[in-house]
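Enquirer: following is a predicted model, sequence given first.
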Amino acid sequence: MTFDAWKSDFLVRSEFPAALADLLTHISAPEKADATQAEARKTLKQYLDLTVSDTRIAKGQALIAGMDFAPITHRHDVDPALLLAIWGMETNFGAVLGDVPVFSALATLAAAGRRRAMFEDQLMAAAEMVARGIDPNTMIGSWAGAMGHTQFMPRSWIRFAESTGPDLPDLTGRPADALLSSAAYLSAHGARSDQPWGTMVQLPDGLDLRAARHAPAQSLGNWGFETDLPDGMYRLIVPAGVGGPAFLVSATYDAVLAYNHADAYALAVCHLADRINGAAAWNCGWPADGRGLSLDEMKALQARLTELGFDTQGADGFTGPNTVKAIEAYQLAQGLPVDGFAGMALYDRLCG
């Protein structure tokens, strides 16, 4: 479907305001950025090295020492370092707020079709922001349509944006509003200051990896790992595959994951928060993969899995739940560790 065809169809079947229709224009940046986003194309180690930098840690430590977080934590029980980590990850503490018109970004991505329903919903939320008094000409942000110091999508603005003053929230002009709003978001999704996000653990020999990865959150006693975590409910993730580190994660981690649904992002935020709070860098083994899969390589892997009878429900180049299920089924059939991970080793095995 062409952009113009999508736009005409969207305006007919939705209640998008006709007065804002001229804001729905096509631009090339969002589609290009979507295909190359770092969370999907770099290895976990590469992504962490890029995002949890010494410079970013030092900046976060200076901010946590110099800012008064009491007005925020009085409203929402969230670790200030976690808020600073999101701020640092999203805009490098306000240095890079983005220069893309939000309506154009959302319209371009909706027309592209990969996540059409989501971006159309964001367009409706953006229109609601205008109805509440936000000037559409000030709605400038990232290629994905996120705005402000902590990069809120329009629907998140509608649900969670809060103001430190008597006027409308200003997540671009007032960093305090952005941090307060992010605290509201994380708190609503289950984050608590007394519940650490999780920790790295050593997988025992003979563990049924597939069952453990799909198990619901359980108490520490049920997991049996030696950790310093407080009592609580945790689940297991192995985000870099069986050759990489494993983590027990809590509801606080899942709140960060809701902010950006990529384990690489959530782990980077949580590790950056720990480093801001004075923790040491992770010292662990990493898979031998020198890089992540490109868009074309991921498409080829999906096509090959489907050809072998492990249907990925399409080959779009992104590792979604259908692709993970297909990889798990293939690994199970081959007697391999079932980690559901799409890396170079699996690509070389099937497509090399």
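Expert: Noted; the coordinates are in hand.

Enquirer: just want the most central residue of the chain.
Expert: Closest residue to the average C-alpha location of the chain: N260 at 2.0 Å, with C-alpha atoms, centre = their mean.

Enquirer: per-residue pLDDT, that one?
Expert: What the model reports for N260 is a pLDDT of 94.

Enquirer: I'd say it and A266 touch.
Expert: Yes - counting by C-beta atoms under 8 Å, N260 touches A266, with 7.1 Å between them. Bear in mind the C-beta positions are built from the backbone N, C-alpha and C, glycine included.

Enquirer: what's the span of stretch 20-28 from first residue to last?
Expert: Start-to-end span of stretch 20-28 (C-alpha to C-alpha, to the nearest Å) is 20 Å.

Enquirer: helices along the stretch 51-200 of the chain, start to end?
Expert: With DSSP state H, counting those that start in this stretch as the criterion, the stretch 51-200 of the chain has helices at 54-66, 70-75, 80-91, 102-112, 116-131, 154-160, 175-188.

Enquirer: so for G340, which of the ones you listed sits nearest?
Expert: helix 116-131 (22.9 Å; C-beta to C-beta).

Enquirer: for that closest one, what is the average pLDDT?
Expert: 98.

Enquirer: what's the angle from that helix to helix 102-112?
Expert: Computed with axes from the mean of the first three to the mean of the last three C-alpha atoms, to 10 degrees, the direction of helix 116-131 lies at 160 degrees from that of helix 102-112.

Enquirer: now do helix 116-131: which elements does it pack against?
Expert: Helices and strands touching helix 116-131, by 3 or more C-beta pairs under 8 Å, 6 or more residues apart in numbering; DSSP states H and E, are helix 102-112, helix 154-160.

Enquirer: so what does the last one touch, helix or strand wise?
Expert: Using 3+ C-beta pairs under 8 Å, 6+ apart as the contact definition, the elements that helix 154-160 packs against are helix 116-131, helix 175-188.

Enquirer: one more: the longest one?
Expert: For helix 102-112, the elements it packs on are helix 3-13, helix 29-36, helix 116-131, strand 140-141, judged by 3+ C-beta pairs under 8 Å, 6+ apart.

Enquirer: closest one to A280 among the ones you listed?
Expert: Of all these, helix 29-36 sits nearest to A280, with 31.8 Å by C-beta to C-beta.

Enquirer: residues in contact with the closest one?
Expert: Residues from elsewhere that reach helix 29-36 (C-beta atoms under 8 Å, 6 or more residues apart in numbering): V100, A105, T108, L109, A112, R114, W143, A144, G145, L295, G317.

Enquirer: dump the residue contacts of the fifth one.
Expert: For A112, the set of contacting residues under the criterion of C-beta under 8 Å, 6+ apart consists of P30, E31, D34.

Enquirer: contact partners for the spatially closest residue to V238 that is not a sequence neighbour?
Expert: The shortest distance from V238 to any non-neighbouring residue, by C-beta to C-beta, 6 or more residues apart in numbering, is to A246 (4.8 Å). Taking C-beta under 8 Å, 6+ apart, we find A246 in contact with M200, V201, Q202, L203, L236, I237, V238.

Enquirer: what's the burial count for the first one?
Expert: Taking other C-beta atoms under 10 Å as the criterion, the count of residues near M200 is 15.

Enquirer: check the fifth one too.
Expert: Counted with other C-beta under 10 Å, the burial measure for L236 works out to 22 neighbours.

Enquirer: now do the fourth one
Expert: For L203, the tally of surrounding residues (other C-beta under 10 Å) stands at 15.

Enquirer: now the helices and strands packed on helix 116-131 in JSON lines, with mean pLDDT?
Expert: Putting these into JSON lines (pLDDT from 0 to 100) gives the following:
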{"stretch": "helix 102-112", "mean pLDDT": "96"}
{"stretch": "helix 154-160", "mean pLDDT": "98"}
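
Enquirer: for those, give me TSV that also has distance to A21.
Expert: Listed next are those as TSV, based on distance: least, C-beta to C-beta, whole Å:
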stretch	distance to A21
helix 102-112	10
helix 154-160	17
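
Enquirer: wait, which of those is closest to A126?
Expert: helix 154-160 (4.1 Å).
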